[in-house]
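Q: no letters, just coordinates:
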């Protein structure tokens, strides 16, 4: 009878040891699972933060490009108007140079540092000056035309139209340079390359 308690004692000790080992393994597995879940949440949060940052950067680049397009379009429109014989008679009554002031204010108010890229900031910074130059050319035209006799106005228009043409060509080049600096041309090329069939 003495052997029986020792067998039960040993069995109980083994059961207790196995239970303790299982508890340790189980708690380790739970801790590892929680750690993996926490790491997964952190990775998802980090990826979402990165996506938000990329979306904000794209929105900023797009806003800068849209403002530059507006400025270049207004300069081009003025150039076209100076070539239009029908418009020339209205110059003494309608001041197109005033419509540029709102766009110029938007350009100068744009937070250029948000572009976070030196070449893009440099290219964008050229547009307020181009718009101011176009406004000055047009304002000088208005003054000259109003002061000149009717017979001399055609020559004055030709002279100022050539000046506005130079500003227009320059703004068009600046717009292309800004598009490249903002990496929009790179994205367009990548999309074009991706759409090509593999040979």
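A: Yep, it's here. Note that the structure is a prediction, hence the values are computed from the model and not measured. Residues are numbered from 1 along each chain as shown.

Q: burial measure for the closest residue in space to residue 133 that isn't next to it in sequence, as a count.
A: Counting by C-beta to C-beta, 6 or more residues apart in numbering, residue 167 is the residue found nearest to residue 133 once chain neighbours are left out, at 5.4 Å. Yep, even glycine has a C-beta here, placed from its N, CA and C like the rest. Neighbourhood size, residue 167 [other C-beta atoms under 10 Å]: 21.

Q: could you name the helices and strands sitting against the host helix or strand of residue 167?
A: When elements are assigned from DSSP states H and E, residue 167 belongs to helix 153-181. Helix 153-181 is packed against helix 3-83, helix 118-147, with contacts defined by 3 or more C-beta pairs under 8 Å, 6 or more residues apart in numbering; DSSP states H and E.

Q: show me the one of those that comes nearest residue 155.
A: helix 118-147 (10.1 Å; C-beta to C-beta).

Q: so who does the most centrally placed residue in the chain touch?
A: When C-alpha atoms, centre = their mean is applied to the chain, the residue found nearest the centroid is residue 61 (1.1 Å). Listed by C-beta atoms under 8 Å, 6 or more residues apart in numbering, the contact partners of residue 61 are 115, 120, 182-184.

Q: I'd like those as CSV, with neighbour count, pLDDT and distance to residue 129 appended.
A: As requested, the contacts of residue 61 are exported to CSV (neighbours: other C-beta atoms under 10 Å; pLDDT from 0 to 100; distance: C-beta to C-beta, whole Å):
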residue, neighbour count, pLDDT, distance to residue 129
115, 23, 86, 17
120, 22, 91, 16
182, 24, 91, 18
183, 16, 87, 23
184, 15, 86, 22
